[in-house]
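Q: Sequence first, predicted coordinates after that:
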Amino acid sequence: MSQPMGPLDALFLHVEDGISHMHIGSCSIFEGPPPPIADLTALIEGKLHLVARYRQKVRFVPGGLGHPVWVDDPHFNLDYHVRHSALPPPGTVQDLENLMGRLMSHELDRHRPLWEVSMVEGLPDDRWAMITKAHHCMVDGVSGTDLMAVLLDRDPAAAMVGVEPWTPAPEPSDFQLTVQALSRLGGRPAREFLAQPFAGLHPRTAWSRAKSVAAGLQSFGARLTAPGKVVSVEGSIGPNRRWAAGRCAFSDVKDIRSAFGGSVNDVVLAAVTGAFRRVLIERGDPVDDVVLRSLVPVSVRHADDHAWNNQVSLILADLPVGIADPVERLQAVQHQMQELKASHQVTAGEAVIATAEFLPPILLSLGARAVMSVMRKSPQRTINTVTTNVPGPQFPLYALGHEMLEYLPFVPLSEGIRIGVAILSYNGRLTFGVTGDYDTAPDVHFMAEQIEAEVRRLRARAGKPNTTRSGRRSKEMAR
């Protein structure tokens, strides 16, 4: 009748406060004239049996005795979740980005399943878009891309799937939720011992892992408390968002990596760092010796794990915006990422999340809300931005025979972070979704342009001809 959330999923729900929205999302652009909205709705309806969460809503356990639970929504109405919109003629990239920002400025209705899809008409060249929005308590970045692969098709000629019969399970009463929560609490000690990060390990292995966790916590704490210079991309935020997207060929990033070493992630972080430098200079901020501290989510999901829950750890990376030369900046990022891999921050993050099972659910809930309240009154200054890189499918996906040409990501913001960047790879392309606070980050479009420009600069230094377009507005959409 109900499925409890894990502590990390529940945390994403608890920290949402009307200003820090905790949904993730994407904007996908498809070729060809838009299909009838009824056909898109039917396509999604035929896949719902593959994604149980899409017909489930959140219920809170009375008294906070347990984490929130998922229950079938007896009043589920697909038409509420699949929506229809259009850009004002003639329709431009800027119009689509503005619409994306507006849609992401509103939190999802907690009385219904926590997702929405909007089909958008009016793009140039008879193209159309699909904007998706799902709460972070449902999915992380990796499971979100898995979800897109489920909803869409790999075969352009795929037949429409018939609708599977579905009858919602009876919704539990508050009394039943309370009894179930108390039952789970009774079994917690043994269950938590079996789930905690050192259980079942050989003593020598457990000791080695404990040292790794301690080293990771020390590294994370040292970065978190290190003093930094005041910059305009940090500070209080409001509830409204701006959004813009940058693009480049995956081959460009691979050529840069081949020329200068490191990883694809090093290259994209260096490009984001260079773009932040340009933004700060444009704003008149000093950049000498400035370092932006970025929260970088890291997936700890096994390759064969396709569950929809969150399975992430975290590292803190310093983006060296004070370095003027693009190649030197890339090399500094490479060196730092090597240090971070050896610092065991990811291992420490996993251990912290695992031990969160020991916290009584009511304390997790109250603690999360208290922290957000304190941060609202005295914004944190230790984390300046968030940068997340998610691998997407490297093959084309189709909706009703229409190829998905671009897959553009969205990352949420929390208090103290005015600009965040999500990076997503899809079918030989890399896209950068730049989220900004509406009132304090009007230059997200400039930021997206500068990310593209940084990739071009690095590719030129690598001695390769650029394939990335010289303008962020794709010419076929801007006509």
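A: Thanks, I have it.
Q: Leu103 against Ala129, yeah?
A: No - contact between Leu103 and Ala129 fails when scored by C-beta atoms under 8 Å: they sit 11.1 Å apart. (Each C-beta comes from the backbone N, C-alpha and C, glycine too.)
Q: which residues of the stretch 151-300 of the chain fall in helices?
A: Using DSSP state H, counting those that start in this stretch, the helices of the stretch 151-300 of the chain run over residues 174-186, 188-195, 203-225, 250-260, 264-283.
Q: Would you mind stating the distance between Ala157 and Glu403?
A: According to C-beta to C-beta, to the nearest Å, Ala157 stands 12 Å off from Glu403.
Q: how about Pro409, what does it touch?
A: Ile24, Gly25, Ser26, Gly141, Thr388, Val390, Ala422, Ile423, Leu424, Thr431, Gly433 (C-beta atoms under 8 Å, 6 or more residues apart in numbering).
Q: Dig out what it forms beta bridges with.
A: Ser26 (DSSP bridges).
Q: and the gap between it and Glu97?
A: Taking C-beta to C-beta, one finds Pro409 at 13 Å from Glu97.
Q: Okay, domains of this protein per the record?
A: 3-87+97-161+171-180, 200-478 (automatic domain parsing).
Q: Throw the ones you listed into TSV and include mean pLDDT, thanks.
A: Listed next are those as TSV, based on pLDDT from 0 to 100:
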stretch	mean pLDDT
domain 3-87+97-161+171-180	91
domain 200-478	83
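Q: Paired strands for the helix or strand that Ala422 is a member of, with orientation please.
A: Secondary structure from DSSP states H and E places Ala422 in strand 419-426. Partner strands and pairing direction for strand 419-426 (DSSP bridges) are strand 385-391 (parallel), strand 429-437 (antiparallel).
Q: End to end on stretch 395-403, go ahead and measure it.
A: Start and end residues of stretch 395-403 are separated by 11 Å (C-alpha to C-alpha, to the nearest Å).
Q: Could you do stretch 416-431 as well?
A: Distance between the two ends of stretch 416-431: 25 Å, counting by C-alpha to C-alpha.
Q: Make residue 1 into 42 and carry on from there
A: Will do, 42 is the new start, and the previous item becomes stretch 457-472.
Q: any idea how far the strand holding Ala463 is from the chain center?
A: How far strand 460-467 lies from its chain's middle: 8 Å, per C-alpha atoms, centre = their mean, to the nearest Å.
Q: relative to helix 305-324, how tilted is that strand?
A: Orientation check (axes from the mean of the first three to the mean of the last three C-alpha atoms, to 10 degrees): strand 460-467 against helix 305-324 gives 140 degrees.
Q: Export strand 460-467 to CSV, keeping only CA atoms.
A: Output of strand 460-467 as CSV, limited to C-alpha atoms (Å, rounded to 0.1, in the frame of the first residue of the first chain):
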residue,chain,number,x,y,z
ILE,A,460,23.9,30.4,-11.0
GLY,A,461,24.2,26.6,-11.5
VAL,A,462,25.2,24.6,-14.6
ALA,A,463,24.0,21.1,-15.7
ILE,A,464,25.9,19.3,-18.4
LEU,A,465,24.3,16.5,-20.4
SER,A,466,25.6,14.3,-23.3
TYR,A,467,23.3,13.0,-25.9
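Q: Do a quick rundown of the strands in the stretch 42-191 of the chain.
A: Listed in chain order, the strands of the stretch 42-191 of the chain (DSSP state E, counting those that start in this stretch) span 44-45, 64-71, 97-100, 110-113, 123-127, 156-162, 169-176.
Q: Thanks again, I'm all set now.
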